[in-house]
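Asker: Below is the sequence, then the predicted model.
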Amino acid sequence: MLIESRPESDAELTALLMAQQKELSEADGGLDGVVYPSHDDVAYLVVVVGGRAVACGAWQALEPGVAELKRMYVRPAFRGRGIARQLIVALEEEALAADRRVLRLETGTYLPAAIGLYTSAGYAPIPAYGEYAGNPFSVCFEKSLGAVAPR
């Protein structure tokens, strides 16, 4: 397994993001209906297994010292292998290296597996923030990564 940085224009990343959006729209039964736009200042990571991009995730700076995890997705055939957990760690390391010691994220109330993943990875529930405030289907989390390790 390889975790590598990819630009948003990457065809394999685009396919993963489209699959994520399709799955989210099916999972919420059309209730949420919100599609959050992509942003130019997002750093994407892609997980490659056997030469195929099978998962993605990203982080975006929110404010000094704070970043948001975004676009987490693992193709269904590759779930249950610990890929998402390893991807979270890689995203946390990148954010921490960029001096972002606090990470936030949003997921849907209709995604219990995602909620379980984030809580087991040390993320604690917080009130909905930013563009998610007021959305009854949003569940938000935060994790402090602590001090930057000396180099």
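Answerer: In hand now; what should we look at? Nothing here was measured: the structure is a model prediction, and the numbers come from that model. Numbering: from 1, shown residues only.

Asker: contacting residues around the lowest-mean-pLDDT helix or strand in the chain?
Answerer: Within the chain, no helix or strand scores below helix 11-27, which has a mean of 90 by mean pLDDT, DSSP states H and E. Contact with helix 11-27 is made by 6-8, 32-33, 35, 38, 44, 46, 52-56, 71, 73, 75-76, 108, 110-111, as judged by Cβ atoms under 8 Å, 6 or more residues apart in numbering. All C-beta atoms are positioned from the backbone trio N, CA, C, and that covers glycine.

Asker: Which members of the residues you listed occur in strands, if any?
Answerer: 6, 44, 46, 52-56, 71, 73, 108 (DSSP state E).

Asker: which of those residues tops the neighbour count?
Answerer: residue 56 (27 neighbours; other Cβ atoms under 10 Å).

Asker: ok, it to residue 133 distance?
Answerer: Using Cβ to Cβ, to the nearest Å, we find residue 56 at a distance of 26 Å from residue 133.

Asker: what do you get for residue 146?
Answerer: The value you get for residue 146 to residue 133, if Cβ to Cβ is used, is 27 Å.

Asker: Same question for residue 4.
Answerer: 34 Å.

Asker: ditto for residue 65
Answerer: Counting by Cβ to Cβ, the gap from residue 65 to residue 133 is 20 Å.

Asker: With neighbour numbers in mind, choose between these two.
Answerer: Set side by side, residue 65 and residue 133 show more neighbours around residue 65, with 13 against 10, by other Cβ under 10 Å.

Asker: Now for that one: which residues touch it?
Answerer: 99-102.

Asker: redo that, cut-off 6 Å
Answerer: Residue 65 makes contacts with 101-102, as judged by Cβ atoms under 6 Å, 6 or more residues apart in numbering.

Asker: Next, it: phi, psi?
Answerer: phi 80, psi 0 (degrees, to the nearest 10).
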